[in-house]
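*Asks:* With the sequence up front, the predicted model follows.
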Amino acid sequence: MTEIRIPPDLWEDEREGVIVSWLYLDGAVVEPGKVLVELAVEKAQMELVAPAAGRLTILAAADAIVTRGQVIGRIE
Amino acid sequence: MCESIALAIDRPAVPRAAAAELAIERDRFDALAQAPERLRLWEPEPALIATVAEAGRPGFAQAAARSQARGVPVSVRPSGGGAVCLGPGSLVVSHFYRSPRNDIDGSYRQFARLLTEAVATLDVTLREQHVMGAYCDGRFDLAWQERKVGGIAQRRRWREGVAHVWIHAVLAVEAASLRYPEAVGEFYADLGSPRIADPRCTTTLSHCLPAQSRGGDLMSRLGDAIVQVFTSNRPSPPRSAS
């Protein structure tokens, strides 16, 4: 099982971000390196790519408020 | 600053359609894995650039059509924040690079510092400041006497331990750009958005210039200064083993 985690050093303080959209549905099979999710904080929009191959479980849906270091999904 | 040594510079001589330029810039961003660091400066034709989040709101198509009918076509950009309106008299500055650090705030500070240095050569001192109430306001607004002259946003991709960064700014240079925040306000009203874009919170670089710095083509002088500052802030090339 591989966690999809917002990098803990992506921003510097306790600001909150938001999940803009997932590019795959919950339960989809994903490939490593594919863009999985977009999130936004402080006028920056970021893509996170799949760290591994497998079936995606979404733990923080679109529009969810998130913090740095938070696990937002997993791949099994 | 960045891992690459070469700096490619794109600087079209005539105003460009924002939608076409944004398409080019998306391609530049997608090609960053194999491409050199790049700086782009362009003066846009009139356009309102909304965010992906705004484009997903109900009523976006109708609000965009109304803006188009007012002579301001709407495009969508993949960075964060809120809508901006631009056109002749404003300058878009985009910087594309790879970095081993995935640090949003560091990228903002570096970009803001370089732009501030460039503007300082025109005898205008800008500071990073959140200008509440201005269009697309944020912590890294570039302000003169509490009023916004420019704003910065970015798009990032983290891939295999390398951050791909597309960071861009819109600078209000000539007086013509003073009227653009009103177009953002009209767009938000049509969209039913609670966001505001108070024109009183903005100014232009031409307004900030001291008397001794006026004259000449301000847009060209600013562009030259930005290229000079970004070019001179290059990382040192690696020393060869001998």
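*Replies:* Sure thing, it's come through. Numbers count the residues shown, from 1 in each chain, chains lettered A, B, ... in the order given.
*Asks:* use CA for all of it now, contacts and neighbours both
*Replies:* Noted.
*Asks:* From the structure, what's the count of residues near residue B:132?
*Replies:* Using other Cα atoms under 10 Å in any protein chain shown, residue B:132 has 18 other residues around it.
*Asks:* Please report the distance of it from residue B:201.
*Replies:* 8 Å (Cα to Cα, to the nearest Å).
*Asks:* the strands in chain B, which residues?
*Replies:* Using DSSP state E, the strands of chain B run over B:7-10, B:37-42, B:47-51, B:74-77, B:84-86, B:90-99, B:127-128, B:142-144, B:147-159, B:162-172.
*Asks:* Which one of the ones you listed lies nearest to residue A:1?
*Replies:* Proximity to residue A:1 (Cα to Cα) singles out strand B:147-159 among these, at 19.5 Å.
*Asks:* what's around the closest residue to chain B within chain A, how many residues?
*Replies:* Of all residues in chain A, residue A:43 sits closest to chain B, at 3.8 Å by Cα to the nearest Cα. Residue A:43: 23 surrounding residues under other Cα under 10 Å.
*Asks:* Was I right to think it contacts residue B:130?
*Replies:* No. At 12.0 Å, residue A:43 does not count as touching residue B:130 under the criterion of Cα atoms under 8 Å.
*Asks:* overlap in contacts of the two?
*Replies:* Common contacts of residue A:43 and residue B:130, defined by Cα atoms under 8 Å, 6 or more residues apart in numbering or on different chains, comprise residue B:138.
*Asks:* pLDDT score for the residue lying closest to residue B:109 once chain neighbours are set aside?
*Replies:* Spatial nearest neighbour of residue B:109, chain neighbours left out: residue B:140 (7.6 Å); criterion: Cα to Cα, 6 or more residues apart in numbering or on different chains. If you check residue B:140, the pLDDT there is 94.
*Asks:* who's the residue found closest to residue B:166 once you drop the neighbours it is linked to in the chain bridged to?
*Replies:* Among residues not flanking residue B:166 along the chain, residue B:96 sits closest, at 4.7 Å (Cα to Cα, 6+ apart). According to DSSP bridges, the residues that bridge with residue B:96 are residue B:38, residue B:166.
*Asks:* And residue B:96, how close does it get to chain A?
*Replies:* 14 Å (Cα to the nearest Cα, to the nearest Å).
*Asks:* Now do the helix or strand of chain B with the lowest mean pLDDT: which elements does it pack against?
*Replies:* Every helix and strand of chain B was ranked by mean pLDDT, DSSP states H and E. The lowest is helix B:52-55, at a mean of 87. Secondary-structure packing of helix B:52-55 (3 or more Cα pairs under 8 Å, 6 or more residues apart in numbering or on different chains; DSSP states H and E): strand B:74-77.
*Asks:* Could you export the strand it packs on as CSV, CA atoms only?
*Replies:* Only the C-alpha atoms of strand B:74-77 are listed here, as CSV (Å, rounded to 0.1, in the frame of the first residue of the first chain):
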residue,chain,number,x,y,z
VAL,B,74,-12.4,35.0,-21.3
SER,B,75,-9.7,32.4,-21.1
VAL,B,76,-8.8,29.9,-18.3
ARG,B,77,-5.4,29.5,-16.7
